[in-house]
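1. The following comprises the amino acid sequence and a computationally predicted model.
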Amino acid sequence: MEYVNITIDGQQVQMPQGTTVLEAARSIGVKIPTLCYHPEYKPEGSCRICLVEVVGARSLVASCVFPVSEGMVVNTNTTDVREARRAVVELLLANHPEDCLSCQRNLHCELQKIAADCGIRKIRFEGEKKDYPVDNDNPALVRNQNKCILCGRCIRACSELQGVNVYTFANRGFNTTVSPAFNVGLHNAACTFCGQCANVCPTAAIVEKDDTKEVWEALHNPTKHVVVQTAPAVRVA
Ligand code: FES
């Protein structure tokens with residue numbers, strides 16, 4: 001295996017050829033925020049949160065897909081890098097519902113955490129909000145495309161890990177969505193309700209159904225008729 005010598009934030013490191021800048025940085029404890037990247041799936045380089053400066057390159061590069069090369073010098077925390085990341089997060093938030101306090105993922109949302117890490121208190125851009133119906137017609141998952149940041153992690157979990165291929169990107173531009181083919185609800189798709197998509201979703205675009213309230217009511221108020229659906233058996237690929 002061939003190794004290359006690179007410098008990240010002043011630290012010299014030797015990495016196997018083919019390693020990405022993100023992997024190299026993480027191997028020496030340098031933190032770079034990510035959203036579309038997931039260590040178990042092929043990187044896509046779509047969200048641009050992981051931008052870094054490579055000295056000599058014409059623009060900032062997405063570290064999750066940029067391979068290291070001999071003599072490379074990388075800066076992960078310059079003013080330009082921080083400003084670019086901040087703008088990317090603000091653009092995502094500009095289209096995002098402003099319901100964090102009542103959101104199921106509040107305090108466990110990767111977008112919320114990155115926004116806090118970037119010190120975002122105000123969004124400079126006025127974006128359009130999406131208004132898709134929430135897919136709630138199945139016993140296991142809630143899919144809210146209004147909270148989707150199009151990172152594609154659910155698509156890769158469903159295809160690369162589970163081999164089920166329920167999700168795909170549809171449409172273009174602002175109208176791009178992640179949905180089952182022909183935009184049918186999950187209950188009409190080949191979904192096995194394994195929950196891997198919810199597991200990797202960085203926001204609350206896909207979450208496991210929370211029946212806690214209904215179960216509690218059924219247990220403590222037996223006169224009240226409450227229908228509690230249970231999830232079907234999970235298929236493990
Ligand atoms: Fe690198 Fe999204 S994490 S582009």
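-> Thanks, I have the structure now.

2. Helix, strand, or coil at the spatially most central residue of the chain?
-> With distances taken as C-alpha atoms, centre = their mean, Pro202 lies nearest the centre of the chain, 3.8 Å away. Following DSSP: H, G, I helix; E, B strand; the rest coil, Pro202 is assigned to coil.

3. Contacts only, for it.
-> Contact analysis of Pro202 by C-beta atoms under 8 Å, 6 or more residues apart in numbering lists Leu35, Cys109, Glu110, Leu111, Ile149, Cys151, Arg153. Bear in mind the C-beta positions are built from the backbone N, C-alpha and C, glycine included.

4. Make JSON lines from these and add secondary structure to it.
-> Output for these, formatted as JSON lines (three-state DSSP):
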{"residue": "Leu35", "secondary structure": "coil"}
{"residue": "Cys109", "secondary structure": "coil"}
{"residue": "Glu110", "secondary structure": "helix"}
{"residue": "Leu111", "secondary structure": "helix"}
{"residue": "Ile149", "secondary structure": "coil"}
{"residue": "Cys151", "secondary structure": "coil"}
{"residue": "Arg153", "secondary structure": "helix"}
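
5. tell me the two of the residues you listed that are most distant?
-> Cys109 and Arg153 (13.6 Å; C-beta to C-beta).

6. Of the two, which one has the most company?
-> Arg153 (28 against 20; other C-beta atoms under 10 Å).

7. Skipping adjacent residues, who's closest to the more buried one in space?
-> Val200 (4.3 Å; C-beta to C-beta, 6 or more residues apart in numbering).

8. Can you check which helix is longest in this structure?
-> If you go by DSSP state H, the chain has its longest helix at helix 79-94.

9. Show me what counts as buried in that helix.
-> Residues Val81, Ala84, Arg85, Arg86, Val88, Val89, Glu90, Leu92, Leu93 are the ones in helix 79-94 that count as buried (16 or more other C-beta atoms under 10 Å).

10. picking that back up, looking at the contacts of Pro202, which one is closest to the ligand?
-> Nearest to the ligand among the contacts of Pro202 is Leu35, at 5.2 Å by C-beta to the nearest ligand atom.

11. who in this structure is up against the ligand?
-> Thr34, Leu35, Cys36, Tyr37, Gly45, Ser46, Cys47, Arg48, Ile49, Cys50, Ala62, Cys64 (C-beta under 6 Å from any ligand atom).

12. Excluding residues flanking it in the chain, which one is nearest the first one?
-> Computed as C-beta to C-beta, 6+ apart, the closest residue to Thr34 that is not its neighbour in sequence is Cys50, at 4.9 Å.

13. Secondary structure element holding Asn5?
-> Following DSSP states H and E, one finds Asn5 within strand 3-8.
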